[in-house]
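Chemist: Provided below are the primary sequence and the corresponding predicted coordinates.
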Number of protein chains: 2
Amino acid sequence: MDVIDPLTLGDERCHKVKRVLSHVGDKWSVLIIVTLIREQKRFSALKREINDISQRMLALTLRNLERDGLVERIVTPSIPPRVDYRLTEMGHSLADPVLTLGQWAIEHLDRIDEANARYDAGNR
Amino acid sequence: MDVIDPLTLGDERCHKVKRVLSHVGDKWSVLIIVTLIREQKRFSALKREINDISQRMLALTLRNLERDGLVERIVTPSIPPRVDYRLTEMGHSLADPVLTLGQWAIEHLDRIDEANARYDAGNR
DNA sequence: CAGAATCCTTTGCGATACTG
DNA sequence: CAGTATCGCAAAGGATTCTG
């Protein structure tokens, strides 16, 4: 099967797709991936650039991304220790569709805000 | 700005994108959108096709999608009442990038599973 | 049929403190 | 610097019951 057809998508496979999308959909994952597109970054740099992420969520999300083979952890044993993160090849291949989605989001932000306002006005 | 550049993405806009992506990333939203691509569906039909969604989450997610102007609610006043849901034009425009992402997910499921297995084996 | 409302459990996640 | 560990709150979400 090359094209998604939810009607013929088996339960098992469907469940897997959901799982993957739930990772991808996670806002921290998306932000980390997007942040790593240009170049690898250190833990502290990621923390600084994604300003409102807690170091707990950064560590957790990075570990999940690493577990999924999307991000690679590069340890330089030194004092103080240095750890860089970079996208794997698979991570980069994911960046494309993610950017497409981000693109859509940016293009439709205003219309969504309008829709929200209209909806809220109607149900007041 | 036409291309996403996280480095030049202002905080305000960045925050909005995050908000949109958090909707889009929501697994129930994604499933509903994908399910509605081909044709409009009734509440009960959606509930049946997305087998493990609770009616609570279905109602809540549909209302959010409607609020965002992605899904339209079509009420046929009859007894028993009939309510159909269909994608708006904006909803359809979102379906494209979402399917692209789903496509990526399907294509990389196996490699992700392998990566998971490798990671778990390494950290045992 | 299509939901709203209530209850109650689980999970997510931030804050804080501690380590190699 | 780059994390881990623990705590505690807030939000998510399932099960169930009720209604136009």
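Modeler: Nice, thanks for sending it over. Treat the numbers as computed from the prediction; the structure is a model and nothing was measured.

Chemist: spatially central residue for chain A, please.
Modeler: Central residue of chain A (C-alpha atoms, centre = their mean): A:V30, 1.7 Å from the mean position.

Chemist: may I see the buried residues of the top helix by length along chain A?
Modeler: Secondary structure assigned by DSSP state H gives helix A:89-122 as the longest helix of chain A. The neighbour-count check on helix A:89-122 (16 or more other C-beta atoms under 10 Å in any protein chain shown) flags A:90-91, A:94-95, A:97-102, A:104-106, A:108, A:111-112, A:115, A:119 as buried. Heads up, the C-betas are built off the backbone N, CA and C, glycines and all.

Chemist: burial check on A:L46, number of neighbours?
Modeler: A:L46 has 21 neighbouring residues, counting by other C-beta atoms under 10 Å in any protein chain shown.

Chemist: that one should be in a helix, yeah?
Modeler: Yes - counting by DSSP: H, G, I helix; E, B strand; the rest coil, A:L46 is part of a helix.

Chemist: and the residue nearest to the centre of chain A, what is it in contact with?
Modeler: A:V24, A:V98, A:G102, B:L21, B:G25 (C-beta atoms under 8 Å, 6 or more residues apart in numbering or on different chains).

Chemist: show me where pLDDT drops low in chain A?
Modeler: Chain A contains residues with pLDDT under 70 at A:1-15, A:124.

Chemist: which residue does it have closest to chain B?
Modeler: Closest residue of chain A to chain B, C-beta to the nearest C-beta: A:G25 (2.2 Å).

Chemist: for that residue, what are its contacts?
Modeler: B:L21, B:S22, B:V24, B:G25, B:D26, B:K27, B:V30.

Chemist: ramachandran angles for the second one?
Modeler: Comment: the main-chain dihedrals of B:S22 come out as phi -70, psi -30, following degrees, to the nearest 10.

Chemist: repeat that for the one 3 residues further on.
Modeler: For B:G25, the backbone dihedrals (degrees, to the nearest 10) come out as phi -70, psi -20.

Chemist: again with A:E72
Modeler: When quoted as degrees, to the nearest 10, the phi and psi of A:E72 stand at phi -110, psi 140.

Chemist: tell me the contacts of the spatially closest residue to A:D120 that is not a sequence neighbour?
Modeler: Spatially, and ignoring its direct neighbours in sequence, A:D120 is nearest to B:R67 (7.6 Å; C-beta to C-beta, 6 or more residues apart in numbering or on different chains). B:R67 is in contact with A:A115, A:N116, A:Y119, A:D120, counting by C-beta under 8 Å, 6+ apart.

Chemist: can you list those residues in JSON lines and add distance to DNA strand D?
Modeler: Shown next, in JSON lines, are these (distance: C-beta to the nearest atom of the strand, whole Å):
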{"residue": "A:A115", "distance to DNA strand D": "19"}
{"residue": "A:N116", "distance to DNA strand D": "16"}
{"residue": "A:Y119", "distance to DNA strand D": "18"}
{"residue": "A:D120", "distance to DNA strand D": "17"}
